[in-house]
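fold the following for me, if possible:
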Amino acid sequence: MTPLPRPAHTLSVASANLILFAARQRGADPDAMARAVGISPDQLTDPDGRISVRQIQQLWHEIITATGDEHIALKLGEMMNPVAVGVLAYVMMHSPTLGKAFDKLCQYQDIVCDGSRTTGQRTGNEFALLITITSPDIIYPEYVINSELSIYQSAIRAMAGWPVSAREIRFAYPKPTDTSEHERVFAPAQLFFGADQTAMVLDAGLLDTPVLNASPGLFAIFEKHADELLARLKTPTLSSRVRGEMVQLMKGEEPTLTAVADRLNLGVRTLQLHLRDENTTYQQLLDNVRKTLAEQHLREPYLSTTDIAYLLGFAEPSVFFRSFKKWTGQTPGAYRSLAA
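Numbering: from 1, shown residues only. All right, here's what the predicted structure looks like:
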């Protein structure tokens with residue numbers, strides 16, 4: 001059975017749009033890139049939305065294939081507005097010092113991506129931002145590592161107001177054949193490949209550097225917002241639990257509202273009321289789950305559209321075809337051709 005529609009590890013929509021912006025700058029069609037990995041236009045316009053790390057990994061592969069630029073992740077920091085990644089960037093940009101900004105980066109990084117972990121470590125006169133890959137869905141760690149280091153460097157320079165450079169950059173992946181772009185982006189830092197852990201090593205004296213144009217008032221506002229977002233991310237919503245139960249029950253028959261309510265130990269009416277509080281309905285969630293799974297299945301060439309209709313609990317293939325056309329504006333066959 002296909003994994004749950006909402007995977008354990010996700011990236012913010014703002015970050016996904018930043019990657020797609022880079023693709024556009026390199027001449028690729030961002031809409032086609034997103035569609036190829038099953039990301040819909042509606043997902044990309046939801047400011048609180050999340051995209052699976054698995055899809056983002058596929059997206060990097062699609063973009064590099066389309067642009068021919070294997071170093072595009074390294075250039076992300078140069079292409080971006082420092083506040084493009086949303087509320088975390090706003091918190092950092094209004095922190096009193098770089099040291100405080102780094103603290104907030106480590107505290108709130110899951111808001112941007114919960115597939116990797118950034119921590120700070122001071123040793124003598126050095127301070128290191130350490131990056132650890134934590135999601136098994138990350139099969140191309142160099143894309144994550146390169147993009148995060150590039151963005152961190154850009155953000156640090158914007159906060160300080162001058163071109164801060166790291167002492168060292170350590171990459172936890174083997175040395176590429178061509179390192180010229182690494183050397184250009186991170187000059188004059190010393191570069192080390194094949195390290196035990198990825199690290200950006202800075203002069204510890206930078207920690208006391210005031211952040212340019214920081215506002216204490218705005219810092220409090222954005223930090224409160226970040227706390228709320230992080231709490232929401234860490235607490236599974238009823239909607240996400242309902243979607244998970246739907247997937248478990250969707251084995252050749254439609255999961256009913258009663259069956260899902262029973263599995264959640266809720267009354268039918270109680271479940272409906274709580275879903276309404278989350279601005280959704282059982283039918284909307286069912287359509288969303290079926291659409292997500294249908295798009296995933298259609299990228300698997302060994303499954304016929306009749307097989308997929310059965311897997312999604314439709315009584316007749318014709319009902320699946322009509323539903324898919326309503327959800328996407330395309331027939332299953334047309335979608336499969338574009339996704340191939």
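
quick check: buried residues in the host helix or strand of Ile19?
Assigned by DSSP states H and E, Ile19 falls within helix 13-25. The neighbour-count check on helix 13-25 (16 or more other CB atoms under 10 Å) flags Val13, Ala14, Ser15, Ala16, Asn17, Leu18, Ile19, Leu20, Phe21, Ala22, Ala23, Gln25 as buried. Every residue, glycine included, has its C-beta placed from N, CA and C.

separation between the closest residue to the fifth one other than its chain neighbours and Leu20?
Nearest-residue entry for Asn17: Leu44, 6.0 Å, with adjacent residues in sequence omitted and distances by CB to CB, 6 or more residues apart in numbering. Noted for Leu44: a distance of 7 Å to Leu20, by CB to CB, to the nearest Å.

hey, what's in contact with both of those two?
Ala34 (CB atoms under 8 Å, 6 or more residues apart in numbering).

where do the domain boundaries of this protein fall?
Per automatic domain parsing, the structural domains of the chain span 10-232, 238-339.

so how far is the longest one off the chain centroid?
Using CA atoms, centre = their mean, to the nearest Å, the distance from the centre of domain 10-232 to the centre of the chain it belongs to is 11 Å.

ok, stretch 230-250 next?
With CA atoms, centre = their mean, you get 17 Å for stretch 230-250.

which stretches of this protein have low pLDDT?
Counting by pLDDT under 70, the ranges of the chain that qualify are 1-8, 339-340.

next, the contact list for Ala16, please.
Ala34, Ile39, Leu44, Ile51, Ile56, Leu59.

so what's the nearest residue to the last one once chain neighbours are set aside up against?
The spatial neighbour of Leu59 that comes closest, neighbours along the chain excluded (CB to CB, 6+ apart), is Val37 at 5.0 Å. Under the criterion of CB under 8 Å, 6+ apart, the contact list for Val37 reads Gln55, Gln58, Leu59, Glu62.

state the number of residues packed around the last one.
Glu62 has 18 neighbours, counted by other CB atoms under 10 Å.

can you dump the C-alpha coordinates of whatever helix or strand it lives in into PDB?
Assessed by DSSP H and E, Glu62 sits inside helix 53-67. Extracted in PDB, the C-alpha atoms of helix 53-67 (Å, rounded to 0.1, in the frame of the first residue of the first chain):
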ATOM      1  CA  VAL A  53      10.600  15.600   1.500                       C
ATOM      2  CA  ARG A  54      10.300  12.700  -0.800                       C
ATOM      3  CA  GLN A  55       8.700  14.900  -3.500                       C
ATOM      4  CA  ILE A  56      11.300  17.700  -2.900                       C
ATOM      5  CA  GLN A  57      14.000  15.100  -3.500                       C
ATOM      6  CA  GLN A  58      12.400  14.100  -6.800                       C
ATOM      7  CA  LEU A  59      12.000  17.800  -7.600                       C
ATOM      8  CA  TRP A  60      15.700  18.500  -7.300                       C
ATOM      9  CA  HIS A  61      16.400  15.600  -9.700                       C
ATOM     10  CA  GLU A  62      13.800  16.900 -12.200                       C
ATOM     11  CA  ILE A  63      15.200  20.400 -12.000                       C
ATOM     12  CA  ILE A  64      18.800  19.300 -12.500                       C
ATOM     13  CA  THR A  65      17.900  17.100 -15.400                       C
ATOM     14  CA  ALA A  66      15.900  20.000 -17.000                       C
ATOM     15  CA  THR A  67      18.500  22.700 -16.500                       C
END
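
which parts of that helix are buried?
53-64, 66-67.

let me know the closest of these to Gly120.
Nearest to Gly120 among the buried residues of helix 53-67: Val53, at 22.9 Å, using CB to CB.

test my guess that that closest one contacts Ile133.
No. The criterion here is CB atoms under 8 Å, and Val53 misses it with Ile133 at 10.1 Å.

which residues are in contact with each of the two?
Gly115.

measure Arg269 to Leu285 for me?
16 Å.

neighbour count winner among the two?
The neighbour comparison of Arg269 against Leu285 (other CB under 10 Å) goes to Leu285, with 21 against 9.

so who does the more buried one touch?
Ser239, Val242, Arg243, Met246, Leu275.

helices of the stretch 51-200 of the chain, start to end?
53-67, 76-79, 87-93, 98-112, 141-160, 180-186 (DSSP state H, counting those that start in this stretch).

packing partners for the shortest one?
Spelled out, it's helix 76-79. On a contact count with 3 or more CB pairs under 8 Å, 6 or more residues apart in numbering; DSSP states H and E, helix 76-79 meets helix 13-25, helix 141-160.

if you set the cut-off to 10 Å instead, what comes out?
On a contact count with 3 or more CB pairs under 10 Å, 6 or more residues apart in numbering; DSSP states H and E, helix 76-79 meets helix 13-25, helix 141-160, helix 180-186.
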